[in-house]
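Chemist: just to be clear, the model below is a prediction. Sequence and coordinates:
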Amino acid sequence: MNLSDLRTDYTLKSFNEKDVIQNPFDQFKLWFNDALEAKVNEPNAMTVATIKSDGSPSARILLFKELENEAFVFYSNYLSNKANEISFDNRVALVFFWPELQRQIRIEGKAEKIEAHKSDEYFLSRPRGSQIGAYASEQSKPLENSEELEQKTKHFEEVFSKIEITRPENWGGYAVKPNSFEFWQGRANRLHDRFLFSLNSESNWIIQRLSP
């Protein structure tokens, strides 16, 4: 297979100055609703990029769970690699990509742990299997084999068959407060529409069209 032959010409939509909403959170909500209506596969899946202690980048796919108080919320193990990296440097980048709509949104900002009671509320809303998994999995830590994880899962299933399950202290949410957004709409001949929203020192959003 010749990888240079793998190319898609983006011709679905355009994104012009007249289409841009001045508030990036409103623009995000509009595009996210478009993704929901288009039945995009896992529209809330996003790449979360962090910085390791040696300064190198690290990225993975997580699920965006809530937009609250102008912050993007996701949940994780507080002892995981990503959590350690956020503790080292809380600057993060988020990327949403919806190929069905030929759209991408890039967000940069800072991550902070959310209030414990919010993490409690979300944890208790999760399926029981996911709740057990939060106890059984020491996220990012080495395992001897799959049986080791299965044994831990069975152990916690037994433990919580006798007592009420609560959120583990090492699991909870992060809220990413953005300082920039970039909205990208694919166009024909790689002449894509790109608009950058940057937060200035007066907390106003400055909008610029970028070259593709």
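Modeler: Sure thing, it's come through.
Chemist: switch to C-alpha atoms for all contacts and neighbour counts from now on
Modeler: Noted.
Chemist: tell me the pLDDT of P99.
Modeler: On the pLDDT scale, P99 is placed at 97.
Chemist: let me fix that, I meant to ask about L6.
Modeler: 84.
Chemist: what about it, neighbour count?
Modeler: 7 (other Cα atoms under 10 Å).
Chemist: give me the phi and psi for it.
Modeler: Backbone torsions for L6, taken as degrees, to the nearest 10, come to phi -90, psi 100.
Chemist: ditto for L143
Modeler: Per degrees, to the nearest 10, the backbone of L143 is at phi -120, psi 140.
Chemist: now do the contacts for the residue lying closest to T153 once chain neighbours are set aside.
Modeler: Using Cα to Cα, 6 or more residues apart in numbering and skipping the chain neighbours, the partner closest in space to T153 is A136 (5.1 Å). Shown in contact with A136 (Cα atoms under 8 Å, 6 or more residues apart in numbering): 149, 152-153, 156.
Chemist: distance-wise, check A136 relative to T166.
Modeler: 14 Å (Cα to Cα, to the nearest Å).
Chemist: quick one, strands of this protein?
Modeler: Along the chain, the segments classed as strands by DSSP state E run 45-51, 57-63, 66-67, 72-77, 91-98, 103-113, 171-185, 193-199, 205-210.
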